[in-house]
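Asker: Have a look; sequence and predicted model below, questions after that.
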Amino acid sequence: MPSTPITLDTLRRYAISRSLFAPTTLPKAIEKLGFVQADPIRAPARAQDLTLRHRVKDYAAGDLEQRYAKLGIEEDFFMNYGFLPRSTQALMHPRVARMVWPKAKLAQAEAVLDFVRERGVVHPKEVDAHFAHGRVRNWFGGSSNASTQLLDGMHYRGMLRVAGRASGTRLYCVAEHLPQECADPGQALDALLDVIVHKYAPLPERSLRDLVSLLLRGGVPQWNSLRSDALARAKERLPSMELEGNRWYWPEGESPAAKRYSIEPTDTVHLLAPFDPVVWDRRRFELFWGWAYRFEAYTPAPKRIRGYYALPLLWRGQVIGWGNLSVNDGKLQAELGYVTGQAPKDKAYRQALAQELASMESFLLLNQ
């Protein structure tokens, strides 16, 4: 029997169905995703919560933070900052930062490390009160607390781990679980690339290359010299195909044309986080849906096209618009926009949208 031809629509359905899997438990959802990107903006909730709400049964905003200590996961920098299984984090360490600390800074870090080891778990305010490190210039030209910046650097270098949070602020303890050496950097890098491909597949070749660069720039800068070989190995081992001028890649053992990915899109409306894996790759987004989506939270207000924190709106396998959501006086407010300039007219869409907004209210605990 001839195989089913793979089209752009095939890849689009494959991307949606493999990522928006049936809601499961929080630990299983994190395991399936491999990595959950974090962002501090709440509009109307943080990105990690908005991502998990579609994939975890009865998930409420803040559940990840509240349950973090018991989940066996870590906060760390991967290709960007977020939450990942401890086994994946271990592959990136011992991490060697691109910036080498001078002896004075290293001595500060060692003193703080002794302090944290003695206390067990510390809040940045405790470190600042004890050491009085003062203020330093941050990366965007402003002024930051020097103790907070030092703790961030120690966390990045694997000296500390995030033990939990207090009102959103990271609490630190000593990282005793990380390896002291990496037996095979090439093997570890291949495993990390597989995590990326598993989360964001199918990937156009240029996107795969960009993601490898992100990983090597932030997650494992000590292995930057292995970039070309790692990318070549990935291209060799991963299934791929050429389609409409782009080569696409996906995980070993999967087929975009498999029957389980070819089901008809449902009438469910999904308001997705800007960093949700379905829409994260802006290059793929334009190939799939024919219009450009940009994250505009850091764009000056007069230059915004779709809003401060526009959530892509997915319906029947198409991203047809976006929504800007906020909470005023305990009530959810939604401002919606559409690529065509108007909402679909059929009743099924109106019902699905009402259900999604009601689900968002429950997720935000507005109806309690």
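Answerer: The structure has been received and is ready for your questions. Numbering: from 1, shown residues only.
Asker: switch to C-alpha atoms for all contacts and neighbour counts from now on
Answerer: Noted.
Asker: Can you name the helix or strand that the nearest residue to residue 305 once chain neighbours are set aside falls in?
Answerer: Distance criterion C-alpha to C-alpha, 6 or more residues apart in numbering; nearest residue to residue 305, sequence neighbours excluded, is residue 296 at 8.0 Å. Assigned by DSSP states H and E, residue 296 belongs to neither a helix nor a strand.
Asker: Output the below-cut-off pLDDT ranges for the stretch 1-150 of the chain.
Answerer: Within the stretch 1-150 of the chain, the segments meeting pLDDT under 70 span 1-3, 133-144.
Asker: how about residue 42, what does it touch?
Answerer: Neighbouring residues of residue 42 by C-alpha atoms under 8 Å, 6 or more residues apart in numbering: there are none.
Asker: Phi first, then psi, for residue 203.
Answerer: Recorded main-chain torsions at residue 203 are phi -120, psi 130, according to degrees, to the nearest 10.
Asker: Which residues are in contact with the residue nearest to residue 305?
Answerer: So, once contact is read as C-alpha under 8 Å, 6+ apart, residue 296 ends up touching 304-310.
Asker: go on, residue 286?
Answerer: Each residue near residue 286 by C-alpha under 8 Å, 6+ apart is listed here: 292-293.
Asker: which one of the contacts of residue 296 has the most neighbours?
Answerer: residue 310 (26 neighbours; other C-alpha atoms under 10 Å).
Asker: on that earlier part again, dump the contacts of residue 296 to TSV, plus distance to residue 353, secondary structure and pLDDT.
Answerer: TSV is the format used below for the contacts of residue 296 (distance: C-alpha to C-alpha, whole Å; DSSP: H, G, I helix; E, B strand; the rest coil; pLDDT from 0 to 100):
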residue	distance to residue 353	secondary structure	pLDDT
304	24	coil	96
305	22	coil	95
306	19	coil	96
307	19	coil	96
308	21	coil	97
309	18	coil	97
310	16	coil	98
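Asker: Closest to residue 11 out of those?
Answerer: residue 310 (24.5 Å; C-alpha to C-alpha).
Asker: Check whether the closest one really touches residue 275, as I assumed.
Answerer: No. Residue 310 lies out of contact with residue 275 (C-alpha atoms under 8 Å); the separation is 11.0 Å.
Asker: in what helix or strand does residue 149 lie?
Answerer: Going by DSSP H and E, residue 149 is in helix 146-156.
Asker: Okay, helices next: where are they in the stretch 1-150 of the chain?
Answerer: Using DSSP state H, counting those that start in this stretch, the helices of the stretch 1-150 of the chain run over 8-19, 26-33, 47-52, 63-67, 86-91, 103-119, 124-131, 146-156.
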